[in-house]
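1. Sequence and predicted structure, then a few things I'm wondering about:
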Amino acid sequence: MNQKDMLKKFEFIVNTSQEFMTMINRDYVYVAANQAYCKAHKRKNKDVVGATIDDVWGEATAVIIKGYLHEAFSGREVHYESWFDFPALGKRCFEVYSYPFVEEGETTHIVVISRDITERKLLEEKAFVDPLTGLYNYRYLNQRLDEEFERAKRYNLNLSALFVDIDNFKEFNDKMGHQAGNDILINMSKILCNSTLSSLGNSPQLRKADIIARFGGEEFIILLPETNKADSEIIAERIRNTIALYNFPHYEERSDVRVTISVGIASYPVDAAENPGDLLKKADLAMYEAKNKGKNRVCSF
């Protein structure tokens with residue numbers, strides 16, 4: 001078989017594969033892309049090849065992708081998993097492998113092969129959900145905290161953690177009963193997941209990338225990737241105020257019992273957290289400071 005026939009067969013294999021295959025140069029420009037990748041973006045091959053990462057993905061997503069490519073250009077194979085929003089597929093989770101393409105001792109391109117693992121991830125995530133609140137559980141929080149802390153260190157990004165504790169929750173349970181306490185936890189989770197009120201204007205809001213988890217009992221953790229302390233304080237204060245004003249179901253029965261929260265904030269790198277556990281510990285200490293200062297307030301480490 002001559003070289004021309006071999007290349008033709010290789011091209012056929014690449015373009016019939018359901019995995020995404022691309023090649024990107026040092027200017028972050030696509031020099032090759034298979035049919036599956038182009039179809040996912042609802043683009044023809046000629047509209048992808050020659051385009052930049054920013055052209056295809058938009059600036060926000062491109063920044064993250066280029067971070068991994070930059071690492072691969074150092075000569076190392078890079079493997080990661082991430083959720084992407086494709087025009088033709090919607091939000092899907094992909095396992096991504098980036099391989100340095102070396103010519104004359106220099107990495108000139110990166111070959112990227114991506115595999116759709118959405119169904120597997122959805123099954124995994126079922127094991128990471130708290131059955132009462134529907135939020136992520138402690139196990140998932142630890143996994144994502146490790147991942148986000150490592151990413152923040154690697155790419156010099158901000159990462160903030162909010163430690164949220166319901167004030168006087170034991171007293172409330174004693175007065176109103178265990179089921180009423182569960183109702184509070186369920187409503188609390190809904191408030192945390194829907195903290196993007198249109199009336200808040202341009203103030204920072206929770207995003208899809210943020211991680212909300214039930215830490216245990218009446219404690220919740222909110223991880224805010226790429227969020228500095230100042231913006232975290234605005235988010236935390238908004239959540240605290242929303243809960244303080246919220247009419248929980250029990251209020252009609254007992255006007256003497258009100259639900260409030262104390263929130264502690266710690267941020268990387270400004271708080272010099274040495275590891276993921278240290279970041280949570282500092283947020284926890286800040287939360288106890290809020291308790292000691294009278295509760296129903298936000299304190300930063």
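-> Done, it's in.
2. so where's the stretch 1-150 of the chain uncertain?
-> In the predicted model of the stretch 1-150 of the chain, residues 1-7, 10 satisfy pLDDT under 70.
3. which residue ranges form the strands in it?
-> Assigned by DSSP state E, counting those that start in this stretch, the stretch 1-150 of the chain shows strands spanning 20-25, 30-33, 78-86, 90-103, 106-116.
4. Out of the ones you listed, the one nearest residue 154 is which?
-> Ranking the strands of the stretch 1-150 of the chain by proximity to residue 154 (C-beta to C-beta) places strand 78-86 first, at 10.7 Å. In short, each C-beta sits where N, CA and C put it, glycine included.
5. I'd say residue 279 and residue 268 touch.
-> Yes: assessed by C-beta atoms under 8 Å, residue 279 is found in contact with residue 268 at 5.8 Å.
6. Check the contact lists of these two and give me the overlap.
-> Counting by C-beta atoms under 8 Å, 6 or more residues apart in numbering, the contacts common to residue 279 and residue 268 are 149, 159.
7. With mean neighbour count as added columns, please give the strands of the stretch 1-150 of the chain in TSV.
-> As requested, the strands of the stretch 1-150 of the chain are arranged in TSV below (neighbours: other C-beta atoms under 10 Å):
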stretch	mean neighbour count
strand 20-25	20
strand 30-33	20
strand 78-86	15
strand 90-103	15
strand 106-116	18
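8. Residue 211: which of the ones you listed is closest?
-> Taking C-beta to C-beta, strand 78-86 is the member of the strands of the stretch 1-150 of the chain nearest to residue 211, at 12.3 Å.
9. what lines up beside that closest one in the sheet?
-> Paired with strand 78-86 in the same sheet, following DSSP bridges, are strand 90-103 (antiparallel).
10. For the strands of the stretch 1-150 of the chain, give me a markdown table that also has distance to residue 66.
-> As requested, the strands of the stretch 1-150 of the chain are exported to a markdown table (distance: least, C-beta to C-beta, whole Å):
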| stretch | distance to residue 66 |
| --- | --- |
| strand 20-25 | 9 |
| strand 30-33 | 13 |
| strand 78-86 | 12 |
| strand 90-103 | 11 |
| strand 106-116 | 10 |
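11. bridging residues for the closest residue to residue 64 other than its chain neighbours?
-> For residue 64, ignoring the flanking residues on the chain, the nearest one in space by C-beta to C-beta, 6 or more residues apart in numbering is residue 82 at 7.3 Å. Residue 82 forms beta bridges with residue 94, as assigned by DSSP bridges.
12. Who are the contact partners of residue 82?
-> Residues counted as contacts of residue 82 (C-beta under 8 Å, 6+ apart) are 64, 93-94, 96.
13. give me the element the residue most central in space within the chain is part of.
-> Residue closest to the average C-alpha location in the chain (C-alpha atoms, centre = their mean): residue 209, at 3.1 Å. Using DSSP states H and E, residue 209 falls within no helix or strand.
14. surely it meets residue 222?
-> No: if you go by C-beta under 8 Å, residue 209 and residue 222 don't touch, sitting 11.6 Å apart.
15. about what we covered before: so who does the nearest residue to the residue nearest to the centre of the chain once chain neighbours are set aside touch?
-> Leaving aside its chain neighbours, residue 209 sits nearest to residue 225 (5.4 Å; criterion: C-beta to C-beta, 6+ apart). For residue 225, the contact set (C-beta under 8 Å, 6+ apart) comprises 148, 151-152, 157-159, 209-211.
16. what about the stretch 201-301 of the chain, any weak spots by pLDDT?
-> In the predicted model, the stretch 201-301 of the chain carries pLDDT under 70 at residues 201-208, 250-257.
17. can you give me the helices in it?
-> Per DSSP state H, counting those that start in this stretch, the stretch 201-301 of the chain carries helices over the ranges 229-245, 276-292.
18. For those, please prepare TSV with the additional fields distance to residue 141 and mean neighbour count.
-> Below are the helices of the stretch 201-301 of the chain laid out as TSV (distance: least, C-beta to C-beta, whole Å; neighbours: other C-beta atoms under 10 Å):
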stretch	distance to residue 141	mean neighbour count
helix 229-245	17	18
helix 276-292	9	19
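19. Distance to residue 301 for the ones you listed - can I get that in JSON lines?
-> Formatted as JSON lines, the helices of the stretch 201-301 of the chain follow (distance: least, C-beta to C-beta, whole Å):
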{"stretch": "helix 229-245", "distance to residue 301": "9"}
{"stretch": "helix 276-292", "distance to residue 301": "4"}
